[in-house]
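> Okay, predicted coordinates and the sequence, questions at the end:
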Amino acid sequence: MNVRRSILLVCLALVLPRLSFAQEITVAAAADLQFAMQDIAEQFQKETGNKVKLIFGSSGSFFQQIQNGAPFDMFFSADLNYPKKLREP
């Protein structure tokens, strides 16, 4: 298992249990995370019975969408600066 996938698994293990009460979780993820996220979403759906809606694209595009109110439950960016900027007041 590569390092990037391991990091994603740890992040999801920490965050997804809080979201598991929802019937569907919408995840925006950078396109280069597609294969790992599909595996992780499938595993989560098997374990919880909840659906994961994956949307893949560019981190910059998702950053703009989130700033404009896009209803994503989670955001996985290829560039850590985008999530950091979203946390700024």
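Nice, thanks for sending it over.
> For this structure, which segments count as helices?
3-19, 34-48, 59-67, 81-87 (DSSP state H).
> can you tell me which of the ones you listed the model trusts least?
Mean pLDDT is lowest for helix 3-19 among the helices of the chain, at a mean of 57.
> Quick one: residues contacting the residue lying closest to residue 53 once chain neighbours are set aside.
Nearest residue to residue 53, sequence neighbours excluded (C-beta to C-beta, 6 or more residues apart in numbering): residue 26, at 4.7 Å. Bear in mind the C-beta positions are built from the backbone N, C-alpha and C, glycine included. Neighbouring residues of residue 26 by C-beta atoms under 8 Å, 6 or more residues apart in numbering: 53, 55, 71, 72, 73, 74.
> Return the member of these nearest to residue 88.
residue 72 (17.7 Å; C-beta to C-beta).
> Residue 76 pairs with what?
residue 29 (DSSP bridges).
> Tell me how far it lies from residue 41.
Distance, residue 76 to residue 41, by C-beta to C-beta, to the nearest Å: 11 Å.
> which neighbours do these two share?
Common neighbours of residue 76 and residue 41 (C-beta under 8 Å, 6+ apart) are residue 27.
> So what sits opposite residue 52 in the bridge?
Following DSSP bridges, residue 52 is listed with bridge partners residue 25.
> Pretty sure it sits against residue 41.
Yes: with contact defined as C-beta atoms under 8 Å, residue 52 counts as touching residue 41 (3.8 Å).
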